[in-house]
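**Student:** need coordinates for the following:
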Amino acid sequence: MTTFAERLRALRRAAGLSQTELAGDGLSPSYISLLESGRRRPSPAVASLLAAKLGCSTSQLLDGEPSEHERRIQFELAYAELALRHDGAEEAVRRLAELLEEADLRPADETRATLLLAEAQERAGDLRGAIATLTPALERARAIGELSALPLIAVQLCYSHWAVGDVNRAITVGESALDACRQQGLTGSEEYFRLASTVMYAYADAGDEAHAGTWAAQLIEEAEAAGSRGGAAALYWNASLLAEREGRIDEALRLSGRALAHMSEFGNSRDLARLKVASAGVLLAADPPRVDEAEAALARAKDELERLGSEVDLVEFDQLQSTVALLSRDIGEAEELARVAAARLPQDAGAEQLSLAHRALGDALAAQGRRDEALQHWRNGADLLGTANPGRGTALAWRDLAERFRSAGDTEAAVKEYRAALDAAGIRDRTKAVLAVIAELSAGSDAAAVETRLTASGNP
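**Tutor:** Next comes the predicted model:
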């Protein structure tokens, strides 16, 4: 394209905008038509406005190529992304933070830099920093109507809230972003379905599995109808985890298989690696555990997860590897992997992941006959789990710990965790009033019986 008119027309069509939509409130459609016919040339202010709407730079629109400043920005973004992909998260954080301080970034470049910075912070273990980066970015995207960026930012922000254990905040942020997407007609996009899948799973973690399951079935049908392979992959993934929680292992494996088939079309990525790890968890939950298949799934995820995964991702990976090693009778490897998982977790991560790491370490120690050490790590896991949200997932975790305490002969701890499992599952205690009366009356009866025996023995 050699003329401004040709570039304007091509960029407008690529953005999916009509002349009326590009004109908006500030320009007339007829003026846009004159520009595209080559009969008018925009002022610098109008060119800047059009470029912002089209998602390109003013230089690209007017001259057909980026300016030196724009080339430098693209170089900085590419360098930061390269550093992030090759275990240089701290270097990426530094460069991206400096880049975002520049006042003349295009909205698209600012969004890309923000998402990369949050990912780098997460990779470095600074989950709170990622939240602080993404929260104002989401508000800015909503305020200026940056529709393509809004669901991308919201997905990453919801995940960060979930990773620090704030599931309710993840739901609030996600629902608000979903409403904005619906209002702007983005309900059929891949980004919309990925966001909906994230919010759906947060509902399950908050204890509302019934709503999450119903919504998951509806969203999968919508994603398949819309041809959103990436969106459907995310939905199948989380639906698989819900099915495993409910004990529907065959269904969970079928759903995780469909998720892998969909997501594999996009090549290796962090999400694909995380999905392979999640599928390994489902395989280990089968009865009996499908150890060889789980080990193979983890092996396929290893390189990509070590290169792209966050510390939270790697904790789950190490903990599952520890379980595979234990089930394969390699208890030394099981202990080493569990210790790595327990030491790796970021300080501000949610307690549930660390609880699982301590549980795995306790398992490895118990298998070596080190009962007291094992009990201590299981107790650590129980203490950490005490802050988790109620729901089936938490109830299963409590039941898992209760069975371990029972097998080790710690009946008191086992009863405590069984009761916690019932509470987390929403099975409330209806006996308090009755048991209080029984205790009161039985105490009186016991006292009367003692007095009677003393009187009969001549010792009133």
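
**Student:** contacts for stretch 206-226 next, please.
**Tutor:** The contact list for stretch 206-226 (CB atoms under 8 Å, 6 or more residues apart in numbering) reads 167-168, 171, 187-188, 193, 196-197, 200-201, 203-204, 231-232, 235-236, 238-239, 242, 245-246, 389-392, 394, 424, 426. Glycine gets a C-beta too; all of them are placed from N, C-alpha and C.

**Student:** go through that stretch and flag the buried ones.
**Tutor:** 206-209, 212-213, 215-216, 219-220, 222-224, 226 (16 or more other CB atoms under 10 Å).

**Student:** and if you look at stretch 364-381?
**Tutor:** Residues 364-367, 373-375, 377-381 are the ones in stretch 364-381 that count as buried (16+ other CB under 10 Å).

**Student:** same check on stretch 265-280?
**Tutor:** 270-280.

**Student:** same check on stretch 394-407?
**Tutor:** Neighbour count says stretch 394-407 has 394-402, 404-405 buried, by 16+ other CB under 10 Å.

**Student:** now swap in stretch 169-182 and tell me
**Tutor:** Neighbour-count burial for stretch 169-182 [16+ other CB under 10 Å]: 169-171, 173-175, 177-178, 180-181.

**Student:** present those as CSV; the columns should include distance to R339.
**Tutor:** Shown next, in CSV, are the buried residues of stretch 169-182 (distance: CB to CB, whole Å):
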residue, distance to R339
R169, 31
A170, 30
I171, 34
V173, 35
G174, 35
E175, 39
A177, 39
L178, 40
A180, 44
C181, 43
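
**Student:** among those, name the ones in strands.
**Tutor:** Among the buried residues of stretch 169-182, no member falls in strands (DSSP state E).

**Student:** and those residues as TSV, adding distance to P42 and pLDDT?
**Tutor:** TSV is the format used below for these (distance: CB to CB, whole Å; pLDDT from 0 to 100):
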residue	distance to P42	pLDDT
R169	44	94
A170	43	95
I171	44	95
V173	38	96
G174	39	95
E175	40	96
A177	34	94
L178	36	94
A180	30	89
C181	31	87
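
**Student:** what about the residues you listed, which are in helices?
**Tutor:** Mapping the buried residues of stretch 169-182 onto helices (DSSP state H) picks out 169-171, 173-175, 177-178, 180-181.

**Student:** of these, which pair is most distant in space?
**Tutor:** The distance between the two most remote of these (CB to CB) is 18.6 Å, for R169 and C181.

**Student:** out of the buried residues of stretch 169-182, who's nearest L284?
**Tutor:** A170 (25.8 Å).

**Student:** pretty sure the closest one is touching V155, no?
**Tutor:** No - in terms of CB atoms under 8 Å, A170 does not count as a neighbour of V155; the distance is 10.4 Å.

**Student:** between the two, what contacts are shared?
**Tutor:** T198.

**Student:** nearest residue to the residue nearest in space to the middle of the chain other than its sequence neighbours?
**Tutor:** Centroid-nearest residue in the chain: Y159, 3.5 Å away (criterion: CA atoms, centre = their mean). Spatial nearest neighbour of Y159, excluding adjacent residues (CB to CB, 6 or more residues apart in numbering): T198 at 6.4 Å.

**Student:** in contact with that neighbour, which residues?
**Tutor:** Per CB under 8 Å, 6+ apart, neighbours of T198: 155, 158-159, 162, 170, 174, 234, 238.

**Student:** distance of L260 from A232?
**Tutor:** Using CB to CB, to the nearest Å, one gets 12 Å for the distance from L260 to A232.

**Student:** now L84
**Tutor:** Applying CB to CB to L84 and A232 gives a distance of 27 Å.

**Student:** neighbour count winner among these two?
**Tutor:** More crowded of L84 and A232, by other CB atoms under 10 Å: A232, with 27 against 24.

**Student:** does the more buried one touch H262 like I think?
**Tutor:** Yes - the criterion here is CB under 8 Å, and A232 meets it with H262 at 5.4 Å.

**Student:** list the buried residues in the helix or strand R72 falls within.
**Tutor:** Secondary structure assignment for R72, by DSSP states H and E: helix 68-85. Neighbour counts over helix 68-85 (16+ other CB under 10 Å) mark 70, 73, 76-77, 79-81, 83-84 as buried.

**Student:** pipe the residues you listed into JSON lines and attach pLDDT and distance to L22 per row.
**Tutor:** Shown next, in JSON lines, are the buried residues of helix 68-85 (pLDDT from 0 to 100; distance: CB to CB, whole Å):
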{"residue": "E70", "pLDDT": "76", "distance to L22": "21"}
{"residue": "I73", "pLDDT": "82", "distance to L22": "24"}
{"residue": "E76", "pLDDT": "85", "distance to L22": "30"}
{"residue": "L77", "pLDDT": "86", "distance to L22": "26"}
{"residue": "Y79", "pLDDT": "86", "distance to L22": "33"}
{"residue": "A80", "pLDDT": "85", "distance to L22": "32"}
{"residue": "E81", "pLDDT": "84", "distance to L22": "30"}
{"residue": "A83", "pLDDT": "83", "distance to L22": "37"}
{"residue": "L84", "pLDDT": "81", "distance to L22": "35"}
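
**Student:** quick one, phi/psi of the residue nearest to Y159?
**Tutor:** phi -60, psi -40 (degrees, to the nearest 10).

**Student:** again, but for the one 10 residues further on
**Tutor:** Here the main-chain torsion angles of D208 (degrees, to the nearest 10) amount to phi -100, psi 60.

**Student:** now it: how far from A216?
**Tutor:** Note on D208: its distance to A216, by CB to CB, is 12 Å.

**Student:** how is the protein divided into domains?
**Tutor:** Using automatic domain parsing, the domain parsing of the chain gives 4-65, 339-429, 432-460.

**Student:** centre of the chain versus the helix holding R72, how much separation?
**Tutor:** With CA atoms, centre = their mean, to the nearest Å as the basis, helix 68-85 stands 27 Å off its chain's centre.

**Student:** kindly report the same for stretch 398-406.
**Tutor:** With CA atoms, centre = their mean, you get 27 Å for stretch 398-406.

**Student:** alpha carbons of that stretch, in CSV - could you do that?
**Tutor:** Provided in CSV are the C-alpha atoms of stretch 398-406 (Å, rounded to 0.1, in the frame of the first residue of the first chain):
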residue,chain,number,x,y,z
TRP,A,398,-9.6,-32.6,54.4
ARG,A,399,-10.7,-36.2,53.8
ASP,A,400,-7.3,-37.0,52.3
LEU,A,401,-5.6,-35.7,55.4
ALA,A,402,-8.0,-37.5,57.7
GLU,A,403,-7.3,-40.9,56.1
ARG,A,404,-3.5,-40.3,56.6
PHE,A,405,-3.9,-39.5,60.3
ARG,A,406,-6.2,-42.5,60.7
